[in-house]
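Asks: make a model of this:
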Amino acid sequence: MLYIKLSQSKLDELAVQKRSRGRKKKNVRRHLLKLKKNELRQSKGRRAGGKNKPYLKKGEELFNNASFKEAIESFKQALEVDPKNKEALSYIKLSQSKLAELALQEKKQREEELRQKALADKKERLERQKAQEEEKRKAALAKAEEERAAAKQKEEELAAKIGPYLKKGEEYLITRTSKRR
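Replies: The predicted structure follows:
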């Protein structure tokens, strides 16, 4: 009944507007039919809203708790009851975008972990290489010191062997130079 009263008042209003523009009453009836169809669509949504409300509520709770996959499933159940439910559709899109954001964040985090691990491995490898080079340097220094000590020992041995001959040679030179004078 409410619809008829609303429609009749709307009809009167539209008829006045349309007549003033010179349009026929037929166009007003078409317009009223469109209004009636829209109201029926909305009322179907309202009637179905009671059945899908638990799914929407559950989905909203899951969405707020960041359980996006489960929320999508709940909203899909709500859509099975009312396929044109805009709230469920928008929550599904939101949940999917949140899932995509989470996947992107996880990917970035994995990439950062891999980068950090690669840096740590490189640092460890450089430290090992530096330690090996230090060992080689110390070994080379020790070897050079041993060679110097061995050369000094040989020099001393040679000096010990040649020493008597040198003294004899010096004495000979001294005696010979003294005889010439």
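
Asks: report the central residue of this structure.
Replies: Closest to where the C-alpha atoms of the chain average out (Cα atoms, centre = their mean) is Lys108, at 0.9 Å.

Asks: which SS class is that one?
Replies: The three-state label given to Lys108 by DSSP: H, G, I helix; E, B strand; the rest coil is helix.

Asks: from Glu101, how far out is it?
Replies: Remark: distance between Lys108 and Glu101 (Cβ to Cβ, to the nearest Å) = 11 Å. C-beta here means a position set from N, CA and C on the backbone, and glycine is covered the same way.

Asks: likewise for Ala120?
Replies: In this view, Ala120 and Glu101 are 28 Å apart by Cβ to Cβ.

Asks: now Gln77: closest residue in space that isn't a chain neighbour?
Replies: Tyr55 (4.5 Å; Cβ to Cβ, 6 or more residues apart in numbering).

Asks: my read is that that neighbour contacts Asp82, right?
Replies: No - with contact defined as Cβ atoms under 8 Å, Tyr55 does not reach Asp82; the gap is 9.6 Å.

Asks: just name the shakiest helix or strand of this protein by mean pLDDT.
Replies: Least confident helix or strand of the chain, by mean pLDDT, DSSP states H and E, is helix 2-21 with a mean of 54.
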